[in-house]
Structures are given as structure tokens and as C-alpha cells.
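Student: coords below, sequence missing:
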């Protein structure tokens, strides 16, 4: 299968390595031409994971491509493991280049599937394209240099929704070739409400704001994850699950508690013991700028605002999410809800339940 990976971040390189090692003809595109040229000169990616350390050559299995149209041409699957902050600009570039039968996978998406689908319709592209999104990046991964990456864990369960959901069967036929761990769920909004980032990260950065601004580096997942933080995270996750239930989405809701549990509950997205692997790696001891980091600008500004807005639309109170969003706005000096990926800003807040169901089933109207 021809697979194209868009982006140069941690998850993008991990996806490129995994797709190539699975035997797919893989292209990796990134906007930074200098970084692409530097990697091409090195000639390989070096990856360390549970199987040890190895080199993945940049050859016919894994090609670097600097031209977006060339990268997308003929791709059966397009994987975009980029922060949701990139979606609006990238969707406009990608939209006119997509063709019938392609599947675009956003892991995770924060309802970016709707942004990409709308960008296609806005530019007049009427191709039948399926946009899929899931609840997490398929990898716990960090880059350690221009050609070095460490993958601490691989996702074992990826609850995934498709927009439009009428194309789900075709989409999953493609997705399973690349990611056998995908699990079909109802639609793309259900997939967006599986996103773990807006549940994990906002409490961690806001309740660790003091040490984050004081120390040169701090591990929010290790010493930063204390019982008080966990209690807030659990209540925030309960709000997410209540919103899902109000929309008629059934369990499993992939409660975050299962991420922390090692011997009880259902297996979470990264399998059992993933939190321990994450903290043991030391890769998340870092400097987090509360004004600029993606935990603030993506998971809080976009992810929490989406949760709050869907809760309001569904008539479900989300006081913890709203409180965290208000605190984050005070910390940054910005109206993060006003800037957020809300149903209001997406132009969907005025829809009733039947109209929303039609969008999720049939896609964005021409």
C-alpha cells in the first residue's frame, strides 16, 4: 500500500518508520526543506524501541518528498500525526490535492476531520475522501536528534471514527492494513471525544505551573502526577464521558483511569503499564513554556474548548473543563475559548441533533 506521512514531528517520524517496516511504500513529507535535506544526507533513521536499536534506510521503502502534491499523488492512506494547531493551514493546502478513495488519518484529531472535509468542499473538490480520527498518537515517542527517535510504547487500541461515517467500511479496510489496532466507533465526533490529550495535559500543566516556571525542566508525568492532580483529571474525564453518553455514544469510553492502572480495568490505548514506560523513559522531563507549548495551545485551547462547546450544545455541564480553560486564559492572557475549536467557530453550534447526525453520516454539504 502507498502511505504518505505529512509532517516532521515526533509522531511523524515514528509513523514513517513503522509504515516502512510493515512493508508499505512510504513517503515522508515535511515543510522544512533544510531539515529534509539534512536527513536525506544522513541516509537513515535510527530508532530505539522494545526490539532494540536499528537503522531504517531512506530508500525505495521510505522516501523523503519535499513537494506536497507529489507526496499525496497515488497515496491510499495519508497519515497526519501533527498537532491540531497545524490543521487549519495544512487543510487548505491539502484539500485541492485529495482524490477519490483516499483515507486521511488524524491521530488524534480534535475534530480536525471536519476542518479537512470542509476545506475540500470550500475549494470545490468533490472527491470522495474519508477522514478518520482517533484518541491518541499511536506512539509514545520522542526525537533525540535529526535522525534519532525513541519509541517507548505503541498503541494497542485505537478507537477511530470516520467522517463521513457512510465511508467507514472502505476507510477501515485501508486503515487496518497500516494500523491493525484501530477499533471502529460511531463517527468522527465520537473519535474527537476519545482524545486523551485534553484530559491528561491541561490539569498537569496548570497544577504544575509553579515548578514548570521555576525549574529548568520538570516531568509532569512523574513527580507532577500527584493524587490531587489525578482527582482533577478523573473528574475532567468524567465530564468527557458524560458528554459522550448524552450524545448517545456507548461504552467503552476509554476512561483515563485505565491508562494509570496496571492490573485492573480495561486495557487502555497504549496497553497496560504504559504510564510506567512513559515515566521510566525520562523523555518527558522537559521545559514547558506555558505560553507556547502545544499542551496549552493544542490540548487546552483547542481540545478543552471543543469539549466545553459540545457539552453546552448537548446540555451537559462541564465545570472542571470550563474552570481549567478559564485558568489557562488567565495564565496566557488570551481568550482561549474564543480562539478555540468550538462548535461556534466551526459553524456547527446552530445545528440540531438531526442536522448534526446528517453531517457526521453524509459529510459536509457541497
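Tutor: Received the coordinates, thanks. It should be emphasised that the depicted structure is a prediction, and the values quoted were computed from it without experimental measurement.
Student: now the farthest one out in this protein, which residue is it?
Tutor: If you look at how far each residue of the chain sits from its centre, by Cα atoms, centre = their mean, the farthest one is residue 41, at 29.8 Å.
Student: Assign that one to helix, strand or coil.
Tutor: Three-state call for residue 41 (DSSP: H, G, I helix; E, B strand; the rest coil): helix.
Student: just the one 5 residues further on next, same as before
Tutor: Remark: residue 46 carries the secondary structure label strand [criterion: three-state DSSP].
Student: I'd say it and residue 52 touch.
Tutor: No - counting by Cβ atoms under 8 Å, residue 46 stays clear of residue 52, with 11.2 Å between them. For the C-beta atoms, the positions are set from N, CA and C on the backbone; glycine is no exception.
Student: So which of these two has more stuff around it?
Tutor: Using other Cβ atoms under 10 Å as the criterion, residue 46 and residue 52 rank with residue 46 on top: 16 against 7.
Student: Just checking, which helix or strand of the protein averages the lowest pLDDT?
Tutor: Ranked by mean pLDDT, DSSP states H and E, the helix or strand of the chain with the weakest confidence is helix 274-281, at a mean of 66.
Student: partners of the following helix or strand past it in the sheet?
Tutor: The helix or strand immediately downstream of helix 274-281 is strand 285-286, counting by DSSP states H and E. With DSSP bridges as the test, strand 285-286 is paired with strand 218-219 (antiparallel).
Student: Next SSE downstream of the partner strand?
Tutor: helix 227-246.
Student: Check which helices and strands that next one is in contact with.
Tutor: helix 197-207, helix 257-260, helix 305-314, helix 319-332 (3 or more Cβ pairs under 8 Å, 6 or more residues apart in numbering; DSSP states H and E).
Student: So what angle separates the directions of the first one and helix 319-332?
Tutor: Using axes from the mean of the first three to the mean of the last three Cα atoms, to 10 degrees, one finds that helix 197-207 and helix 319-332 are set 50 degrees apart in direction.
Student: all strands in this protein, in order from the N-terminus.
Tutor: With DSSP state E, the ranges of strands along the chain come out as 2-6, 25-29, 44-49, 52-57, 62-65, 77-79, 103-106, 130-134, 139-143, 148-154, 158-163, 182-184, 218-219, 285-286.
Student: could I get those strands as TSV with mean pLDDT and distance to residue 171?
Tutor: Below are those laid out as TSV (pLDDT from 0 to 100; distance: least, Cβ to Cβ, whole Å):
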stretch	mean pLDDT	distance to residue 171
strand 2-6	98	14
strand 25-29	98	19
strand 44-49	96	27
strand 52-57	96	27
strand 62-65	97	23
strand 77-79	98	9
strand 103-106	98	5
strand 130-134	98	4
strand 139-143	94	21
strand 148-154	94	21
strand 158-163	98	5
strand 182-184	98	9
strand 218-219	92	37
strand 285-286	86	35
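Student: what sits against the residue most central in space within the chain?
Tutor: The chain has residue 108 as the residue nearest its centroid, 1.9 Å off, counting by Cα atoms, centre = their mean. By Cβ atoms under 8 Å, 6 or more residues apart in numbering, residue 108 lies in contact with 84, 133, 134, 135, 136, 137, 191, 192, 194, 195, 196, 197.
Student: go with 10 Å
Tutor: Residues counted as contacts of residue 108 (Cβ atoms under 10 Å, 6 or more residues apart in numbering) are 11, 81, 83-84, 133-138, 158, 160, 191-192, 194-198, 269, 298-299, 303.
Student: cool, residue 300 as well?
Tutor: Counting by Cβ under 10 Å, 6+ apart, residue 300 makes contact with 197-198, 201-203, 205-206, 290, 293-294, 321, 324-325, 327-329, 331-332, 336, 340.
Student: Could you measure from it over to residue 116?
Tutor: With distances taken as Cβ to Cβ, to the nearest Å, residue 300 is found 22 Å from residue 116.
Student: Is residue 199 in contact with residue 237, as I believe?
Tutor: Yes - the criterion here is Cβ atoms under 10 Å, and residue 199 meets it with residue 237 at 4.9 Å.
Student: Tell me, how many residues neighbour the nearest residue to residue 183 once chain neighbours are set aside?
Tutor: Distance criterion Cβ to Cβ, 6 or more residues apart in numbering; nearest residue to residue 183, sequence neighbours excluded, is residue 159 at 5.0 Å. Neighbourhood size, residue 159 [other Cβ under 10 Å]: 22.
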